[in-house]
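**Student:** Quick one, structure for this:
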Amino acid sequence: MDGQTGLATAWYWILAFLLYLYILTDGFDLGVGILCLTTSDETMRGAMTETIEGVWHANQTWLVMLGGVLFGAYPLVYGTVLAALYLPAGLLLFAFMARGMGLECRGEADNPRPWSLLFGLGSLAVIVAHGLLLGAILQGMHFADGAFTGSPFDWLSPFTVLVCAVLLALYTLFAAAWLSLRTTGRVRDFARRWGVRAAGASLVLLVLLVAYIALTPGLGHLAGRPGTGGLSPLFTVLVLLAVLCLGLCARALAKGCDRAPFVHAALMLLLLAVAFGTSLFPVLVPPGVTAMQAASPPDMLRIMLWVVGGLLPVILLYNAYQYRVFAGRVSADGESDAS
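**Tutor:** Numbers count the residues shown, from 1 in each chain. Alright, predicted model coming up:
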């Protein structure tokens, strides 16, 4: 393996790690917004949003780093893919603003109800945009001479809609696991009930997604079988382990456990990330844009490795400290328990 290939490979997995952190942490933020849409009780909504008010800005750090790494390490992908997906990317930006306004303003408003609704709908729109963007990239994009040659609406397909549905169920599950860890009383009971429902929906939708991939030859690259249908043995084992973690998460929620649901949810997402990451590698944008083709020159990748390698541990420690500071439980009456 030469220097360029080794560096491009390293950045492929760094990018995958940052994407994992972002989906997990912003996932439960967005899931809280979805759960806010399932109740009209502003006291409940206030307790749920209080659990993320101290950390949701930190969770956005991973999106900023993800964009920075993509721009620096893989400028070809940054410059072509985002331009080809400008409609769902535009939806994502507007949804981010709506979600942020709703979350920040609801705590200061005399009537928080419309802001809670804005936070919930903004969160839903972000999840839809996430699904459309991720699904569009995973299903494959066609380029020629550095220009996108597909349709402006290639991102809208049965596969991307199914990815949106899977993310909606998973983010709701992440939020339920988070609230089980951070709340007490009726808020925790409410979250656990919705968590069990979200786990069931996640299982059904994941099975549908994997079956769709297996039965669609054009999506064989996602399961380690490029150009064919079916599932590779490694992909199958990793997905089955992820389903096992999903079941353990649902069981822990049903039994009233505190930490176990979030641990199982995080492990489930990690297994799914490894399953798709190993199946796609070294392809960065299916069907033919590899990490080696899209990577910056070796000197740029080395400089970034030193910079990001130094910053990443600091950001991880700072975020961990921030989570520790805001680690108290929240009740439906808005009282925090610092234990």
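
**Student:** where do the helices sit along the stretch 101-250 of the chain?
**Tutor:** Applying DSSP state H, counting those that start in this stretch to the stretch 101-250 of the chain gives helices spanning 113-139, 158-182, 185-215, 233-255.

**Student:** and of the ones you listed, who's closest to M300?
**Tutor:** helix 113-139 (22.8 Å; CB to CB). All C-beta atoms are positioned from the backbone trio N, CA, C, and that covers glycine.

**Student:** buried ones in the closest one?
**Tutor:** Neighbour-count burial for helix 113-139 flags 115-139 (criterion: 16 or more other CB atoms under 10 Å).

**Student:** Need the nearest residue in space to L82, chain neighbours excluded.
**Tutor:** Spatial nearest neighbour of L82, chain neighbours left out: A89 (5.7 Å); criterion: CB to CB, 6 or more residues apart in numbering.

**Student:** Correct me if wrong: the one you found contacts V81.
**Tutor:** No - the criterion here is CB atoms under 8 Å, and A89 misses it with V81 at 9.2 Å.

**Student:** okay, the two: which has more neighbours?
**Tutor:** V81 (22 against 16; other CB atoms under 10 Å).

**Student:** what helices or strands is the helix or strand encompassing the more buried one leaning on?
**Tutor:** Using DSSP states H and E, V81 falls within helix 75-84. Applying 3 or more CB pairs under 8 Å, 6 or more residues apart in numbering; DSSP states H and E, one finds that helix 75-84 contacts helix 61-73, strand 147-148, strand 283-285, helix 291-294.

**Student:** Touching, F281 and L15? I think so.
**Tutor:** No - with contact defined as CB under 8 Å, F281 does not count as touching L15 (11.3 Å).

**Student:** Neighbour count: the two, which is higher?
**Tutor:** Using other CB under 10 Å, the more surrounded residue of F281 and L15 is L15, with 20 against 15.

**Student:** which residue packs closest to that one, ignoring adjacent ones?
**Tutor:** Per CB to CB, 6+ apart, closest to L15 is V69, 5.6 Å.

**Student:** re the thing from before, list every C-alpha atom in the helix holding V81, with coordinates, as PDB.
**Tutor:** Taking Å, rounded to 0.1, in the frame of the first residue of the first chain, the C-alpha atoms of helix 75-84 are listed here in PDB:
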ATOM      1  CA  PRO A  75     -12.700  18.100  -2.400                       C
ATOM      2  CA  LEU A  76     -14.000  16.300  -5.500                       C
ATOM      3  CA  VAL A  77     -16.900  14.800  -3.400                       C
ATOM      4  CA  TYR A  78     -17.600  18.100  -1.600                       C
ATOM      5  CA  GLY A  79     -17.700  20.100  -4.800                       C
ATOM      6  CA  THR A  80     -19.700  17.700  -6.900                       C
ATOM      7  CA  VAL A  81     -22.000  15.800  -4.600                       C
ATOM      8  CA  LEU A  82     -23.300  18.700  -2.700                       C
ATOM      9  CA  ALA A  83     -23.900  20.700  -5.900                       C
ATOM     10  CA  ALA A  84     -25.900  17.700  -7.300                       C
END
